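Visitor: pasting the sequence and the predicted model now:
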Amino acid sequence: MELRILSREAAERYQPQGLEVCISIADPEVPAAQLSPGFAAVLRLAFSDIVAAETPADVLFAPEHAAAVVDFVNRWRHAERLVVHCHVGASRSPGVALGLCDRYGWPAAELERGYPSWNRWVRQVLALHPSSFGR
């Protein structure tokens, strides 16, 4: 499965070609991105771009988020492309993509070089989430 990382703005302009699915990441309390109906499926998540919660308004990427991502990817393993987007496309979405690379043994070096500000907490939680949620 090919991974593509986008910003929210780019994701809202993006038109899928073939069988594509999307993980759409938003800030908490921000309206959902307006995505193409051409996606076969969209998983919508809302969490803050942080590595530790500091205020009650912070939503830290949690095992429940990781379980939803893993279940989604397992359900759509046959998709040609997985688009992952967040607001800027520099931290949370690359963190998710790299966590999936770690989890499934997909190549990660190019993503690490291309997205040096990836969210380390997101990657770690996703990569290490218990396999009982479908590895």
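Guide: Cool, the structure landed.
Visitor: buried stuff in stretch 99-117?
Guide: Within stretch 99-117, the residues that count as buried by 16 or more other C-beta atoms under 10 Å are 99-101, 103, 108, 111, 115. From N, CA and C alone the C-beta is placed, and that goes for glycine too.
Visitor: check which helix or strand the residue nearest to A52 when sequence neighbours are not counted maps to.
Guide: Take A52 and drop its neighbours on the chain: the residue closest to it by C-beta to C-beta, 6 or more residues apart in numbering is L60, 7.0 Å away. Under DSSP states H and E, no helix or strand contains L60.
Visitor: now L60: how far from G114?
Guide: Separation of L60 from G114 (C-beta to C-beta, to the nearest Å) stands at 25 Å.
Visitor: please apply the same query to P28.
Guide: P28 is 27 Å from G114, by C-beta to C-beta.
Visitor: is it correct that R92 is in contact with V122?
Guide: Yes - the pair R92 / V122 is scored as a contact, 5.8 Å apart, by C-beta atoms under 8 Å.
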